[in-house]
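*Asks:* can you look at this prediction? I've put the sequence above it.
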Amino acid sequence: MPLNGTPNMLKAALARSELQIGLWSSLCSPLVAEVLAGAGFDWVLIDSEHAPNDLSQIVAQLQVFAAYPTESVVRIPVADATVIKRYLDAGARSLLVPFVEDRTMAEAVVSATRYPPHGIRGVSVSHRGNRFGRVTTYLNDAEESLCVIVQLETKKALANIDEITAVDGIDAVFIGPSDLAADFGHLGNAGHPEVQDAIASAIARCQEHGRTIGILAPVADDARRYIAQGATLVAVGSDLGLLVRGSDALVEAFRGAAERSAAA
């Protein structure tokens, strides 16, 4: 039985190569999670790599998303077996694992999500992931609900994309444009033609192999272009970005009105 009583619809949709629209969440708040969960996104990414989310905060947000059809994906801070074990035991069932560069790393990630003899995940008989021991079949069928997404953020990772996508147990690969741009020598410029050509090539290669690829694209035109190219797991914005842009625009609108009034 899945943790929240429903199948992992994101995992199923990715297997069918269906477009899944998501949002990045970095504000570390269950209230923000509740607002986002009701918006209708297919998935929301809870970030614990570049946001100050600790595991207890992650659990609080997972509890919110469990009441909604939006799938919560957790980006863990590092591709480490112990970290993966802790997040799975805490109830995360869809993981984005950063900085995976080759087949060996991808295989290690999958192994960390599987119990022996198929992997190395440590065994606890009572944790939030198995409803504190009430899901008695969890040890045998946990992987059926787990969605494993690996993030490719370097030239080396893209060069190895064919072998990474061939690893059994990887549900999708995910491009990190900002880190990729930095590795190409274009720090802060993910729109550079060299970076964009590399992303387009990666998407095309995944399509050739019938594998799912995702990307973070907070600029609408970028998101539409990646979708047209074949990306199917697309984050089209972030809670932080929405708050910054919305608050800046509101202040500017009323500051401008005040200035016009004073001038009159």
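*Replies:* Arrived safely, thanks for sending.
*Asks:* please make it C-alpha for all contacts and neighbour counts, starting now.
*Replies:* OK.
*Asks:* where along this structure do the helices fall?
*Replies:* 9-15, 30-37, 55-65, 81-89, 103-113, 138-141, 155-159, 161-165, 177-183, 193-208, 220-229, 239-263 (DSSP state H).
*Asks:* got JSON lines for those helices, with mean pLDDT too?
*Replies:* Formatted as JSON lines, the helices of the chain follow (pLDDT from 0 to 100):
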{"stretch": "helix 9-15", "mean pLDDT": "97"}
{"stretch": "helix 30-37", "mean pLDDT": "98"}
{"stretch": "helix 55-65", "mean pLDDT": "98"}
{"stretch": "helix 81-89", "mean pLDDT": "98"}
{"stretch": "helix 103-113", "mean pLDDT": "98"}
{"stretch": "helix 138-141", "mean pLDDT": "94"}
{"stretch": "helix 155-159", "mean pLDDT": "97"}
{"stretch": "helix 161-165", "mean pLDDT": "97"}
{"stretch": "helix 177-183", "mean pLDDT": "97"}
{"stretch": "helix 193-208", "mean pLDDT": "96"}
{"stretch": "helix 220-229", "mean pLDDT": "97"}
{"stretch": "helix 239-263", "mean pLDDT": "86"}
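*Asks:* which one of these lies closest to Leu23?
*Replies:* helix 239-263 (7.3 Å; C-alpha to C-alpha).
*Asks:* which outside residues touch the closest one?
*Replies:* With C-alpha atoms under 8 Å, 6 or more residues apart in numbering as the test, helix 239-263 has contacts from Leu23, Trp24, Ser25, Ser26, Leu27.
*Asks:* filter these down to the buried ones, ChimeraX style.
*Replies:* Burial among those is assessed by 16 or more other C-alpha atoms under 10 Å; the matching ChimeraX selection reads:
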select :23,24,25,26,27
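*Asks:* now for the contacts of helix 239-263: which two are most distant?
*Replies:* Leu23 and Leu27 (12.0 Å).
*Asks:* picking up where we left off before, which among the contacts of helix 239-263 gets closest to Ala220?
*Replies:* Closest to Ala220, out of all of the contacts of helix 239-263 and judged by C-alpha to C-alpha, is Leu23, at 12.4 Å.
*Asks:* show me what the closest one is bridged to.
*Replies:* Val44 (DSSP bridges).
*Asks:* how close does it get to Ala33?
*Replies:* Shown here: Leu23 relative to Ala33, a distance of 11 Å by C-alpha to C-alpha, to the nearest Å.
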